[in-house]
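**Q** predicted model and sequence below, questions to follow.
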Amino acid sequence: MSLLNKSTLTSRDSVTNTTEPVRSSRPVTHKWLGSLSATQLVLLVSCYFFFVLNIALIAKLAGIIGKLDDVKLGFVISLPLFFIAALNIIFNIFTLFRIEKWVLIPLVAISSLLSYAMYNYGIIVDQDMLANVIETNPGEAKSYFNANMIIWFFVMGAVPAYFIMKVNVKRSSAVRDVGHKLIAITLSLLVIGAIAGLYYKDYASVGRNNAYLKKMIIPTDFLYSSFRFTQSNLLTPPKFQILGEDAVVKIDASAHKKQVMVILLGETARAANFQYAGYERDTNAFTQPLDVTYFEQMSSCGTATAVSVPCMFSRMTRQEFSKSAARNEDNLLDVVQRAGIKTVWLENDGGCKGVCSRVETIEFDPKSDHPACDGDYCKDQILLDGLDAQLANLTESHNLIVLHMVGSHGPTYYRRYPAEFAHFQPVCQRSDIQNCDASQLVNTYDNTLYYTDYIISQVIGKLNQREDLDAGVVYISDHGESLGELGFYLHGVPYLLAPKEQTQVPMLTWFSDSFIAKKKLDKHCLAEKAKYEEFSHDNLFDSLLGLLDVSTHIYQPQLDVFNSCRQGPANYSRRVATK
């Protein structure tokens, strides 16, 4: 009997032991995480998005409410309920088919980076900024990485994404899961409806007077912008339009000099810090003796390179501009080249954004052993070497050379100029510029302009010493830059919301005496126009066609900055007097 009992006991122990591996083979549930239903998880993530990832929006709302004369307590309390309910609707719709983790994990990770950019720099990631991000080269992207951003991403993005990945989502039947989500959506709609019924006027007033707030909501504006960007850039069939098929250059048979026009395309230079614009510092020390003309009221087409560069070389105005349309039609360089002018683009800013796709392009490799290059960027000195090579081999009578500068590209301003051009001290040598001392940040940025002015002066000097050339120089920046004003840093704020520091850009010109005589330009007239009239990137297309003597039916003389100054000063003076 005892043997039987022993045998039976052994058998039970054996069964118990053999069942352990089966139990451990089930999905591991982290007890500290617990289990959540799909609707509970979505609601929890909605709360996280509002209270944590939308801290920039909360801070802005707090500032707005603090300035209101009459604020209802119920309205203030309703704000988080409204946003959470709205996010709850969106997330439930996007996860109807049991794909909560597939949707929420990447969305939280990406949104943490959006939150960092918005809270620290005031950057709103709309369609234009998406284009800028996608077209960013590795060296440029690398400059934005710093310890603060990595910590922010880890705490705000990686940790909650890990939580979502590991939490156990309780499931019932597919039909019941969908039903639960529909109930959650309905309840959220009821919450929003109740809030609207009680505080519609308050929401309408704040929203109407602060329309930009909708662009600050993470991730709704990002999702909308991503959809529109995909729709306009990837889903639109290309229909390329050829412009200026009749373009010809008007050649003076008696001319004995070659003509060279150099466009210096600046990067991130703002007019506010140019000495010519009244700035108290000598940021234009090198060009001051060179008889340049500075245009005091010049505005950009966009606030980011991906928009401004294609726009300024396009025949479209800022209001008309479309990136997809610009990508599928000729630009200024195409028309000029078709007219018979030798056109070359020298690239030192990571890409021409499609503008130089059909003309000769020379790109400088940051990883080369040239002393101006550091592996990520080349300083603009390298463009002078490239210009020397072009000027030494002029084979055509008419030439256009574009130098695309890295200029004042942030946030690592301190890497844009050689040590000997650190004219203003002390400087900020870090990429998380929002943590720099304000005066050091301005010093560093001003040094980039000081160096840019040197490059411009060198280009002018090289052309001025060539008596065999009719030469001209046009310098113009693509957009400006914020250095902490109104809480904004860098650039890329939607144009209607952008501060003037991002939209007001410098432009200056220089022409050799023989060029002025050949074009019959009146320098006094030009100086008056540059001082008193308002211009923009919209004027560049036709102004350069005029300067380059290109004849085509698409030329619009009313947009040519120089056109009226070819007709003598008298008419212009009368027109200014009657403005």
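**A** Yep, that arrived.

**Q** going forward, measure contacts and count neighbours with C-alpha atoms only.
**A** Fine.

**Q** what about Ile105, neighbour count?
**A** Here the count is done by other C-alpha atoms under 10 Å, and Ile105 has 19 residues near it.

**Q** who's in contact with it?
**A** For Ile105, the contacting residues are Ala161, Tyr162, Ile164, Met165, taking C-alpha atoms under 8 Å, 6 or more residues apart in numbering as the criterion.

**Q** which secondary structure element contains the third one?
**A** With the criterion set as DSSP states H and E, the secondary-structure element containing Ile164 is helix 159-166.

**Q** model confidence over that helix, on average?
**A** When pLDDT is averaged along helix 159-166, the result is 94.

**Q** just the CA atoms of that helix, as PDB, please.
**A** What follows is helix 159-166 as a C-alpha-only set of coordinates in PDB (Å, rounded to 0.1, in the frame of the first residue of the first chain):
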ATOM      1  CA  VAL A 159       9.700  54.900 -22.300                       C
ATOM      2  CA  PRO A 160       5.900  55.400 -23.000                       C
ATOM      3  CA  ALA A 161       6.300  53.500 -26.300                       C
ATOM      4  CA  TYR A 162       7.900  50.600 -24.300                       C
ATOM      5  CA  PHE A 163       4.900  50.700 -22.000                       C
ATOM      6  CA  ILE A 164       2.500  50.500 -24.900                       C
ATOM      7  CA  MET A 165       4.400  47.600 -26.400                       C
ATOM      8  CA  LYS A 166       4.500  45.600 -23.200                       C
END
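
**Q** and the next element down the chain from that helix?
**A** Proceeding N to C from helix 159-166, the next assigned helix or strand is strand 168-170, under DSSP H and E.

**Q** could you list the buried residues of the helix holding Ile164?
**A** Taking 16 or more other C-alpha atoms under 10 Å as the neighbour-count basis, helix 159-166 is seen to contain the buried residues Pro160, Ala161, Ile164, Lys166.

**Q** now, which of the residues you listed sits nearest Pro557?
**A** Set against Pro557, the nearest of the buried residues of helix 159-166 by C-alpha to C-alpha is Ala161 (57.3 Å).

**Q** that closest one: what's it in contact with?
**A** If you count contacts by C-alpha under 8 Å, 6+ apart, Ala161 has them with Leu104, Ile105, Pro106, Val108, Ala109.

**Q** the last one and Ile93, how far apart?
**A** Applying C-alpha to C-alpha, to the nearest Å, the value for Ala109 to Ile93 is 19 Å.

**Q** ditto for the third one
**A** Pro106 sits 16 Å away from Ile93, taking C-alpha to C-alpha as the criterion.

**Q** repeat that for the second one.
**A** If you measure Ile105 against Ile93 using C-alpha to C-alpha, the figure is 16 Å.

**Q** low-confidence regions, this protein specifically.
**A** The model of the chain has pLDDT under 70 over residues 1-34, 234-238, 253-254, 567-579.

**Q** export the contacts of Ile105 to TSV and tack on distance to Asn210?
**A** Converted to TSV, those look like this (distance: C-alpha to C-alpha, whole Å):
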residue	distance to Asn210
Ala161	32
Tyr162	36
Ile164	34
Met165	37
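
**Q** show me the residue sitting in the middle of the chain in space.
**A** What sits nearest the mean C-alpha location of the chain, by C-alpha atoms, centre = their mean, is Ala304, with 3.4 Å.

**Q** give me the nearest residue to it, chain neighbours excluded.
**A** Counting by C-alpha to C-alpha, 6 or more residues apart in numbering, Gly492 is the residue found nearest to Ala304 once chain neighbours are left out, at 5.0 Å.

**Q** confirm that the one you found sits in a helix.
**A** No. Counting by DSSP: H, G, I helix; E, B strand; the rest coil, Gly492 falls outside a helix, being coil.
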